[in-house]
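Colleague: only geometry, no sequence info:
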Ligand SMILES: Nc1ncnc2c1ncn2[C@@H]1O[C@H](COP(=O)(O)OP(=O)(O)OP(=O)(O)O)[C@@H](O)[C@H]1O
């Protein structure tokens, strides 16, 4: 696809045939191509003209392409640069991405892949120049993208994440997002995707631990009709669904070893082989992975392949736990209370008493932001007055002794609740109690609230929360 206008691209390769092929391919895309054969000429070209994209070979007569990548990321940080790596030289590709290359393409250059790569890089450039123009119009300093405001917090730890996310969104490098459960790993991945040149493409999150091992290959790579019993139609896999966008491998440590091998191949070849297909299907997907477990010990114990780890963990983004940023809790709590009030169509959110806020700030959150949201939802349903009190939070150490304790779970319930979190288990009990009270009160809500010993307002909140009519 030709790009609008004539954008200048710089190609550096010492082999005349390849220079010619690249020149032809990129010119056909409507680009104004400058080709040079070594680093000296490249430096000269960069100093004399403004380019929108740069593509360099690694081994050049007067030095290494990676040195140029480093120079470009310092001197021309807005210029996306891709490197051409020798086939199978994963280390070179990873090093290039680590020092700031936008992406890489391996030899022999697949022209379809190259075209996709260039289009993605140029989309990044045009989005950035639009942004620059709009900040220049305002006469203001370049600001962080507004989407980053969705990552609530002002602590140094979260500010560092925001800066990193903005930077990572400009590259195609695989990122490993680490952090405790509920700390915002998926939110961070979404932002990297949305802010980058693939933002208009699909974002496909997949929980690697949730797919049965025997279905994994078909889920990831798709299958052809008749390739196994039950394959009654062709099916596109998750990679195909994420084509042109981002695939987020959540809980990547749960990938079984046989899938790790296959995944590595896909990442290297940028193509998938659906089960029963005769030919590979090209896919243009950026991979972001997330884990709440440290992967290194798994690599050491042989449960996670070191070559895949090396490939996925090109850059690591760590999402801080709430314990590491307690100062953000008031801001987060205020934001989620507004959210809850809006979702539940209430006039306004209740206030939080000073004591309740202090309890929230001290609490040890094993489920981080997700747990904070759950606590606040529960508090809003429990709150009788205009301000949330510590006992409304129902945190273990501030629980009200007189609050009616739910019936102890039966062995049967516990057995079936193997994978159920405490929160959802408690919610089931709460829902059941509401329904029982309603029945007992012959669906008179005021009476049902009396039976449960809670206010009518709190009863109504709960009905809404559980979608009980
Ligand atoms: N800094 C934040 N600002 C606003 N909302 C946040 C923040 N961090 C997390 N959240 C919200 O908390 C919830 C959990 O976040 P998310 O799913 O991204 O966490 P996670 O680390 O991927 O969880 P898991 O480990 O369970 O996969 C989501 O509703 C998310 O929008």
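Modeller: Done, it's in. Computed from a predicted model, the values in this text were never measured in an experiment.
Colleague: the bottom helix or strand of the protein by mean pLDDT?
Modeller: Comparing every helix and strand of the chain by mean pLDDT, DSSP states H and E singles out helix 411-416 as the least confident one, with a mean of 46.
Colleague: I'd like the next helix or strand past it.
Modeller: For helix 411-416, the following helix or strand on the C-terminal side (DSSP states H and E) is helix 422-440.
Colleague: so which bits of that next one are buried?
Modeller: 427-428, 430-431, 433-434, 437-438 (16 or more other C-beta atoms under 10 Å). Glycine gets a C-beta too; all of them are placed from N, C-alpha and C.
Colleague: need phi/psi at the closest residue to residue 368 other than its chain neighbours.
Modeller: Nearest non-adjacent residue to residue 368, counting by C-beta to C-beta, 6 or more residues apart in numbering: residue 182, 3.8 Å away. The phi/psi pair for residue 182 (degrees, to the nearest 10) reads phi 70, psi 10.
Colleague: tell me the confidence at residue 182?
Modeller: Residue 182 is assigned 95 on the pLDDT scale.
Colleague: how far away is the residue in the stretch 251-400 of the chain positioned nearest to the ligand from residue 244?
Modeller: Proximity of the stretch 251-400 of the chain to the ligand (C-beta to the nearest ligand atom) peaks at residue 369, 3.5 Å away. Here residue 369 is placed at a distance of 30 Å from residue 244 (C-beta to C-beta, to the nearest Å).
Colleague: the more surrounded of those two?
Modeller: More neighbours surround residue 369 than the other of residue 369 and residue 244, with 24 against 15 (other C-beta atoms under 10 Å).
Colleague: quick check: that one is in a helix.
Modeller: Yes - assessed with DSSP: H, G, I helix; E, B strand; the rest coil, residue 369 lies in a helix.
Colleague: could you check the angle the strand or helix carrying residue 464 makes with helix 422-440?
Modeller: Element membership of residue 464 [criterion: DSSP H and E] is helix 456-466. For helix 456-466 against helix 422-440, the angle by axes from the mean of the first three to the mean of the last three C-alpha atoms, to 10 degrees is 120 degrees.
Colleague: for residue 6, give me its contacts.
Modeller: 30-32 (C-beta atoms under 8 Å, 6 or more residues apart in numbering).
Colleague: with respect to the ligand, which of those is nearest?
Modeller: Closest approach to the ligand among these (C-beta to the nearest ligand atom): residue 31, at 38.2 Å.
Colleague: for stretch 215-222, buried residues please.
Modeller: Using 16+ other C-beta under 10 Å as the test for burial, stretch 215-222 gives 216-222.
Colleague: all strands of the stretch 201-350 of the chain, in order?
Modeller: 203-207, 246-250, 271-272, 281-282, 286-291, 315-318 (DSSP state E, counting those that start in this stretch).
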